[in-house]
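**Q** give me a 3D structure for the following:
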Amino acid sequence: MSNLKEGQTAPDFTLPSSDGGKVSLQDFKGKKNIVLYFYPKDDTPGCTKEACSFRDQRKLFQAEGAEIFGVSFDSIDSHKKFITKYKLPFPLLADEDKTVGKKYGVYKQKSFMGKEYMGIERTTFVIDKDLKIRKIFPKVKVDGHTEEVLEAVKSIS
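**A** Sure thing, here's the model as predicted:
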């Protein structure tokens with residue numbers, strides 16, 4: 001498990017993307033700020049609300065020079081269905097082997113209705129053009145989250 005801190009260089013990764021290609025963090029060095037949000041599961045209530053909020057605010061993020069990527073352990077097929085159903089205009093990345101979730105320290109023990117299991121703790125990272133982590137939002141509460149992330153992006157633009 002990673003214990004990342006603000007100011008550290010973000011761990012590099014390359015993941016399959018819902019748009020058919022692969023996304024590597026290195027591809028954005030010197031070009032764009034990145035909003036990397038980890039979420040537990042496609043097409044579940046909290047994850048849908050979060051994705052739709054980023055969808056609705058995307059133009060504001062783009063105006064600040066930021067790209068949005070959602071990451072979960074779901075498959076590309078699952079991501080494509082989620083994107084189609086909710087008209088999501090940004091790629092979702094498939095971390096099926098949990099490698100990136102572990103690198104970013106979001107793969108954690110969770111509990112639901114008395115059962116303990118391992119899964120993604122909803123977390124958002126704001127990464128600048130130098131690939132430094134500028135802001136970490138752990139244990140995200142969905143309501144108002146997109147606005148908090150946008151403020152963090154604005155502070156580095």
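**Q** name the next helix or strand downstream of the helix or strand bottoming out on mean pLDDT in the chain, please.
**A** Lowest on mean pLDDT, DSSP states H and E among the helices and strands of the chain sits strand 107-112, with a mean of 88. Toward the C-terminus, strand 107-112 is succeeded by strand 115-120 as the next helix or strand (DSSP states H and E).
**Q** roughly how far is that next one from the heart of the chain?
**A** Centroid displacement of strand 115-120 relative to its chain, using C-alpha atoms, centre = their mean, to the nearest Å, is 19 Å.
**Q** all helices of the protein, in order?
**A** Using DSSP state H, the helices of the chain run over 45-63, 76-86, 99-103, 145-154.
**Q** can you put those helices in JSON lines and add distance to Ile120, mean neighbour count and mean pLDDT?
**A** Quick note: C-beta positions are derived from backbone N, CA and C, even for glycine. Below are the helices of the chain laid out as JSON lines (distance: least, C-beta to C-beta, whole Å; neighbours: other C-beta atoms under 10 Å; pLDDT from 0 to 100):
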{"stretch": "helix 45-63", "distance to Ile120": "9", "mean neighbour count": "16", "mean pLDDT": "96"}
{"stretch": "helix 76-86", "distance to Ile120": "14", "mean neighbour count": "16", "mean pLDDT": "97"}
{"stretch": "helix 99-103", "distance to Ile120": "6", "mean neighbour count": "18", "mean pLDDT": "96"}
{"stretch": "helix 145-154", "distance to Ile120": "15", "mean neighbour count": "18", "mean pLDDT": "96"}
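**Q** select, out of the ones you listed, the one closest to Leu36.
**A** Proximity to Leu36 (C-beta to C-beta) singles out helix 99-103 among the helices of the chain, at 9.0 Å.
**Q** what sits up against that closest one?
**A** Residues outside helix 99-103 that contact it (C-beta atoms under 8 Å, 6 or more residues apart in numbering) are 1-2, 11, 13, 15, 38, 71, 73, 93, 95, 107, 120.
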